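Trainee: sequence and predicted structure below; questions after.
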Amino acid sequence: MNEGISILGLVLAVSLALVHIFAGRGRWLNAIPQELWTSFAGGISIAYIFLDVFPELSHAQTEIEKGNILLAQYLENHVYLLSLVGLALFYGLEQMALRSPLNLCPPPKEDSPEASMGYGIFWIHTLSFAIYNAVLGYLFRESAQHGVMACLILFIALALHFMVNDIGLRRHHPHTYDRFGRWVLAGAIIIGWSIGQAATFSEAFVSSIWAITAGGIILNVLKEELPEKKDSHFGWFLTGAAGYTMILLAM
């Protein structure tokens, strides 16, 4: 693996890790109405899904068919089934988080059984996103093959996506996420990148894990970045989607 791949992937991984650490703490987020920038981010993320994630899933389908994945030869559209599994898995974890006792008002006492269960759900929720981040970090090992500009465009899409997700996680687990969660998610990206430098797994295996992760990405974009009518602005959404689409098509 050449030095260019290592350095560019590291820069991308560290930059996205910093987004997790500092997301939501910039004054500019408070200066811009949330419905505007989340709608703009949602437009970019939708364009990213249709013009980047879906084509990657098609590539993953080819790799899985070449590999010796258990039962793959007996199933049609394996990668899309795996994405459905990923979407369902992340949706189930999201529902667990919504029902967490830590969301009760008033909140439970720290030494109560309800609080202990809530912390357990917090870690399930956070670790699922850590896996999500680690897979992305691993995939950054090939970032230099796509060029600096492609990485910059990818960073913009993922950074906005992470920022919206961070706000959602803080809403469910405000204090615990600031104290632990953001560091776990930031570290997961670096760990994933490090694994990508130290080891190489089969393309079929990586494609399978990516397909499951893509299901989570799709769910989170639809859930967090396409807000309800009162919290959305179609003009900003359309601007983000159209602008990002034109950039991708121009490359």
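Mentor: On my side now, so go ahead.
Trainee: what helix or strand does the closest residue to residue 178 other than its chain neighbours sit in?
Mentor: Nearest-residue entry for residue 178: residue 170, 6.9 Å, with adjacent residues in sequence omitted and distances by CB to CB, 6 or more residues apart in numbering. Every C-beta, even on glycine, is put in place using the N, C-alpha and C of the backbone. Residue 170 belongs to helix 148-172 when elements are defined using DSSP states H and E.
Trainee: just residue 122 next, same as before
Mentor: Counting by DSSP H and E, residue 122 is part of helix 113-139.
Trainee: and if you look at residue 15?
Mentor: When secondary structure is defined by DSSP H and E, residue 15 falls within helix 3-22.
Trainee: what angle sits between that helix and helix 148-172?
Mentor: Computed with axes from the mean of the first three to the mean of the last three CA atoms, to 10 degrees, the direction of helix 3-22 lies at 30 degrees from that of helix 148-172.
Trainee: buried sites along helix 3-22?
Mentor: Of the residues in helix 3-22, 5-6, 8-10, 12-13, 16-17, 19-20 count as buried by neighbour count, 16 or more other CB atoms under 10 Å.
Trainee: likewise for stretch 141-156?
Mentor: So, applying 16+ other CB under 10 Å, buried residues of stretch 141-156: 141, 143-144, 151, 153-155.
Trainee: okay, these in CSV with distance to residue 47 and pLDDT next?
Mentor: Below are the buried residues of stretch 141-156 laid out as CSV (distance: CB to CB, whole Å; pLDDT from 0 to 100):
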residue, distance to residue 47, pLDDT
141, 25, 79
143, 20, 71
144, 24, 62
151, 17, 83
153, 10, 87
154, 12, 86
155, 15, 89
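Trainee: now distance to residue 233 too, for those residues, in a markdown table please.
Mentor: What follows is those, written out as a markdown table (distance: CB to CB, whole Å):
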| residue | distance to residue 233 |
| --- | --- |
| 141 | 37 |
| 143 | 32 |
| 144 | 37 |
| 151 | 29 |
| 153 | 23 |
| 154 | 25 |
| 155 | 24 |
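Trainee: between all of the residues you listed, which two are separated the most?
Mentor: The two members of the buried residues of stretch 141-156 with the most space between them (CB to CB) are 141 and 153, at 18.2 Å.
Trainee: which one is residue 180 nearest to, not counting chain neighbours?
Mentor: Taking CB to CB, 6+ apart as the measure, residue 180 lies nearest to residue 126, with 7.4 Å between them; neighbours along the chain are not counted.
Trainee: ok, back up a step: what average pLDDT does the helix holding residue 122 get?
Mentor: Predicted confidence along helix 113-139 averages 73 (mean pLDDT).
Trainee: now do stretch 55-75
Mentor: Stretch 55-75 comes out at a mean pLDDT of 69.
Trainee: so how far is whichever helix or strand residue 235 is part of from its chain's centroid?
Mentor: Counting by DSSP H and E, the secondary-structure element that holds residue 235 is helix 234-250. In this view, helix 234-250 has its centroid 20 Å away from the chain centroid, taken as CA atoms, centre = their mean, to the nearest Å.
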